[in-house]
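Visitor: Next come a sequence and a model predicted from it.
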Amino acid sequence: MHFDRIKEKLSILADAAKYDVSCSSSGSQRQNKDKGLGNSSGMGICHSYTEDGRCVSLLKILLTNHCIFDCAYCVTRKSNDIKRAAFQVQEVVDLTINFYRRNYIEGLFLSSGIFKNADYTMERLIAVAKKLREEENFNGYIHLKSIPGASDELMRQAGLYADRLSVNIEIPTEKGLKLLAPEKDRKDFIKPMEKVKNEIIQYKNEKKLLKKVPLYAPAGQSTQMIVGASGESDAEIMYTSAYFYKSFNLKRVYYSGYVPISHDNRLPAIGSPVPFIRENRLYQTDWLLRFYGFDIREILNKDYPNLESDIDPKLSWALRNLDQFPVDINRADMKMLLRVPGIGLKSVHKIVSMRKYRKLDWENLKAIGASLNRAKYFITCESRIFETKDRTAAQLKGLIISGSESKFKKELSPQLNLFDNHSFRSA
Amino acid sequence: MTTVLSYDGSFQGLLSAVFYIYEHKLCKVSIVRKENSHPSFFDIEEEIITDLEKAKRVWKGISKKISARGRRKIYKAFLSEIPTIENAILHFIQRTFSSEVSIEDDFSDPLILEIDKVSKKVDREKHRMDAFVRFQLTVDGIYFATIAPDFNVLPLNLEHFKKRYADQQWIIYDLKRTYGIYYNLQKVEIIELQISAEINSTTNALTYFTVDEMRFQKLWGIYFKNSNIPSRKNMRLHIKHVPKRYWKYLPEKKN
């Protein structure tokens, strides 16, 4: 390895890959084989965290940041004046193996700018994964980007070497895509996704009949959407998300608050803040859909096209549906317990196991860590003391906000925002 | 008067103490590690001799009543080395034996909740070691790492590393408890080493580690720096995930 050359490539191609937020390394079933290197059958591991607080689990790099496309939101767009570089296949293999042996990473997340055409690019990504699996007997995690427009045959091969495949749809609406990436077509994103979905189903069916079936993308597919680049509502984002979860059996949809990287007047200007709160609320909604049994129409609809920023979406739903409360902690079924603000998945499981032994009171709920400052207005338990007053949704909201400390306090305070704007303008 | 049973700090020793309590039908009793034992004038002190057979019998008895997960919980709580944890474990075992059904999920019992919470803390520390161990390739071709975890988690990490690094020799050494685990390409052994205090200092690095080792650490540092998005900087979150006491393990956090 030529270290000085690798150093420069690594700095350019890691930098170019960092806007892809996915770094998950969980959900695979790949076990160590023939005393080779690596195992990805356990849970995901974050080996480090960058200063922006994001997990570092995989070596996340682009094969190259040369690109024939000119998507306005993308840092590697053709018209952007930046340093370009390209790794050789062997260089990526060596980096991955040596980082993995030192326990820096769980594996590789390889993406790429599009050079020449979709198939040519996809072939190179597959070549790296194939070499890792077949020549190095590497059983760590591999996440490959599905290149929009890649052929079915290549997608079939990719799934045989990769644990996860993903296509980033990036822009939640078709009209946004037309505006920001006029050369791209939604159909090109969907095609490889559809192929991988069908292959996964087929391999699963074969596994029911045959003993030895090779793994095919055991950790499934994911995608990512940029939030706040093309003026879409929360409902538009989450309905797109729900559609993709359902139609393509996605494991994850990631939401990435747009980080301004361009002076293009179709986009938020450089220096405008990254929409952190919004991103957080979208993830909370995503969790409600996947783990809490909510339907997207309950949370976002024609009357409520956007999420409230000052309270979480579950509390927001509860305040609109006060007729469903209070819930009796000792009798309610799991489905209803999951809908109580301030009571999360872990608390629900604890409540269900505990109440086999005795009726639960406030002390029990406090001991297991339920957030009673929110929950107390929505539940009854084995006690004569509870919030009996009839309050309106607005009164409850005020009470809960005044009784809790949000991690977004600074961003939510109107005075502070005003002050910040002033200081920006005068500067 | 309380009977204070002191044991040698091994898990079998603790189970032997439990056996002793049932054998002698003791009521007011407390179990402590020998090194933590400071009996008061009014206590009766007994020293427990570890007996593998008796320990096995107690464990078998527990196994009939609670799940494998419940038994793991007891073991993990034990590895916390928290000075009073033995008595919580004793309570857990006593309730197990006196109940018809498994009591492992009765979190309204404060000591059972305590065992649950402590075992989770130990789990978290184990998971952190899975994440933060950083091997350095020594001049003799062994991937070597030192740790100093809050709890004695190395026995829990063993399987994970054995499965993962099956084709390389490695050592993970606990500096705090002065023992390590060594995989010699066949099996994992417990070892004790004389380790120089300066092994992790950069000035002498090349005495112990290869030239390429230093290069890969540098490359890793470059990767770490370039995958950060400065406009999203959030040090509070960063430190929450990587508390400062773990920075000493991580080449990317050494300037």
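Guide: In hand now; what should we look at? Because the structure is predicted, anything quoted here is derived from the model rather than measured.
Visitor: how about the helices in chain B?
Guide: B:11-23, B:52-65, B:68-79, B:85-98, B:110-132, B:154-164, B:205-208, B:211-226, B:235-241 (DSSP state H).
Visitor: Name the stretch from these that approaches residue A:64 most closely.
Guide: Comparison of these against residue A:64 by CB to CB identifies helix B:211-226 as nearest, at 15.6 Å. Quick note: C-beta positions are derived from backbone N, CA and C, even for glycine.
Visitor: If you count neighbours, what's buried in that closest one?
Guide: B:213, B:214, B:215, B:216, B:217, B:219, B:220, B:221, B:222, B:223, B:224, B:226 (16 or more other CB atoms under 10 Å in any protein chain shown).
Visitor: Grab the nearest non-local neighbour of the second one.
Guide: Looking back up the chat, that one is residue B:214. Spatially, and ignoring its direct neighbours in sequence, residue B:214 is nearest to residue B:205 (6.3 Å; CB to CB, 6 or more residues apart in numbering or on different chains).
Visitor: The first one now?
Guide: In space, residue B:213 comes closest to residue B:137 once its chain neighbours are excluded; the distance is 4.6 Å by CB to CB, 6+ apart.
Visitor: Same question for the fourth one.
Guide: Taking CB to CB, 6+ apart as the measure, residue B:216 lies nearest to residue A:98, with 5.2 Å between them; neighbours along the chain are not counted.
Visitor: where's the one you found, which helix or strand?
Guide: Per DSSP states H and E, residue A:98 falls inside helix A:89-101.
Visitor: which residues does the nearest residue to residue A:41 once chain neighbours are set aside contact?
Guide: Leaving out its chain neighbours, the residue that sits closest to residue A:41 by CB to CB, 6+ apart is residue A:31, at 4.8 Å. Shown in contact with residue A:31 (CB atoms under 8 Å, 6 or more residues apart in numbering or on different chains): A:39, A:41, A:139, B:163.
Visitor: For the stretch 201-350 of chain A, just list every one of the strands.
Guide: Assignment of strands within the stretch 201-350 of chain A using DSSP state E, counting those that start in this stretch yields the ranges A:221-227, A:252-257, A:327-328.
Visitor: Same list (those strands) but as TSV, adding mean pLDDT.
Guide: Below are the strands of the stretch 201-350 of chain A laid out as TSV (pLDDT from 0 to 100):
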stretch	mean pLDDT
strand A:221-227	95
strand A:252-257	95
strand A:327-328	95
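Visitor: Make a markdown table out of those strands and add mean neighbour count and distance to chain B.
Guide: A markdown table is the format used below for those (neighbours: other CB atoms under 10 Å in any protein chain shown; distance: least, CB to the nearest CB, whole Å):
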| stretch | mean neighbour count | distance to chain B |
| --- | --- | --- |
| strand A:221-227 | 22 | 13 |
| strand A:252-257 | 22 | 8 |
| strand A:327-328 | 16 | 17 |
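Visitor: For the residue of chain A found nearest chain B, give me its contacts.
Guide: Minimum separation of chain A from chain B (CB to the nearest CB) falls at residue A:53, amounting to 3.0 Å. Neighbour list for residue A:53: B:232, B:234, B:235, B:236, B:237, B:238, B:240, B:241 [criterion: CB under 8 Å, 6+ apart].
Visitor: measure the closest residue to the second one other than its chain neighbours to residue B:23 for me?
Guide: Which is residue B:234. Among residues not flanking residue B:234 along the chain, residue A:53 sits closest, at 4.2 Å (CB to CB, 6+ apart). Residue A:53 is 54 Å from residue B:23, where distance means CB to CB, to the nearest Å.
Visitor: Report how many residues lie close to the residue of chain B found nearest chain A.
Guide: Nearest residue of chain B to chain A (CB to the nearest CB) works out as residue B:237 at 3.0 Å. Residue B:237 has 17 neighbours, counted by other CB atoms under 10 Å in any protein chain shown.
Visitor: Find the nearest non-adjacent residue to it, please.
Guide: residue A:53 (3.0 Å).
Visitor: The one you found and residue A:24: what is the separation?
Guide: Going from residue A:53 to residue A:24 by CB to CB gives 16 Å.
Visitor: With residue A:160 instead?
Guide: 20 Å.
Visitor: Which one of these two is surrounded by more residues?
Guide: Neighbours per residue (other CB under 10 Å) separate residue A:160 from residue A:24, with residue A:24 holding more: 24 against 16.
Visitor: Surely residue A:234 and residue A:283 touch.
Guide: No: taking contacts as CB atoms under 8 Å, residue A:234 lies outside contact range of residue A:283: 11.7 Å.
Visitor: Quick check: closest non-adjacent residue to residue A:251.
Guide: Of all residues not flanking residue A:251 in the chain, residue A:220 sits nearest, at 3.8 Å (CB to CB, 6+ apart).
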